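# Got a predicted structure plus its sequence, pasted below:
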Amino acid sequence: MKSWVLVPLLIFFLSACKGKNRVPSGVLSQKKMQAVLWDVMRADEFLSANVLRKDSSLDKITESFKYYQQIFAIHKTTKEQFEKSFSFYKDHPDLFKAIMDSLSRAPVAAPTQLVQPVAAPEITQPVQKQSLPDSGIKLQKKKPLSVE
């Protein structure tokens, strides 16, 4: 009699533990969530360091939303899907820790674009001699710099 009660209980507990770390449909995979979070963190840093510091009249939430929309478009996801995924990972700290730990290291496959330097065009117009107001200093004509 005990074995009939014990077997269903054992099956129940094993099935409950089996799907604990499984990501449900509609939730971003760990790899994709890592990429989206990385870009969101970079956007927040850029806003704080550059945009909002230079123009304090801007609304942080509005500006953040603009950048987040671009990030979601790049990663082909939506705000709702991101929020659902973030909530899921917040409720599963072991999975969330793995994502956050991977963000603390430099990203391995971050999309980057290399910018090639472009040679400056040579200036062919002669510099006219002009006197500066109040100084009496005359500007001299200089030869253009050659790029080797």
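Here it is on my side, so go on. Please read all numbers here as calculations on a predicted model, not as lab measurements.
# How is L28 assigned, secondary-structure-wise?
Here L28 takes the coil state, with states given by DSSP: H, G, I helix; E, B strand; the rest coil.
# and the spatially closest residue to it that is not a sequence neighbour, what helix or strand is that in?
Distances taken as CB to CB, 6 or more residues apart in numbering put S85 closest to L28, at 4.1 Å, once the chain neighbours are dropped. All C-beta atoms are positioned from the backbone trio N, CA, C, and that covers glycine. Here S85 is covered by helix 79-91, with elements defined by DSSP states H and E.
# Can you mark which positions in that helix are buried?
Across helix 79-91, burial judged by 16 or more other CB atoms under 10 Å covers 81-82, 85-86, 88-89.
# average model confidence for it?
Mean pLDDT, helix 79-91: 94.
# Tell me the helices and strands packed up against it.
Packing contacts for helix 79-91, counted by 3 or more CB pairs under 8 Å, 6 or more residues apart in numbering; DSSP states H and E, involve helix 30-46, helix 60-74, helix 93-104.
# right, and the helix or strand after the longest one?
Counting by DSSP H and E, the element after helix 30-46 in chain order, helix or strand, is helix 52-54.
# hmm, who's touching that next one?
58, 60, 63 (CB atoms under 8 Å, 6 or more residues apart in numbering).
# Pull out the buried residues from that helix.
Buried residues in helix 52-54, counted by 16+ other CB under 10 Å: L52.
# Could you number the chain from 519 rather than 1 from now on?
Sure thing, new numbering starts at 519, so read that last one as helix 570-572.
# where are the low-confidence patches of the protein?
The chain contains residues with pLDDT under 70 at 519-539, 624-666.
# How about A561: what's its closest non-neighbour residue?
In space, and not counting its chain neighbours, A561 is closest to Y585: 4.1 Å by CB to CB, 6+ apart.
# tell me the SS of L576?
State at L576, reduced to three classes by three-state DSSP: coil.
# ugh, wrong one, I meant K594
Counting by three-state DSSP, the backbone at K594 sits in coil.
# Run a quick neighbour tally on Q548.
Q548 has 17 neighbouring residues, counting by other CB atoms under 10 Å.
# tell me the contacts of it?
Contact analysis of Q548 by CB under 8 Å, 6+ apart lists 541, 613, 616-617.
# I589 versus that one, what's the distance?
17 Å (CB to CB, to the nearest Å).
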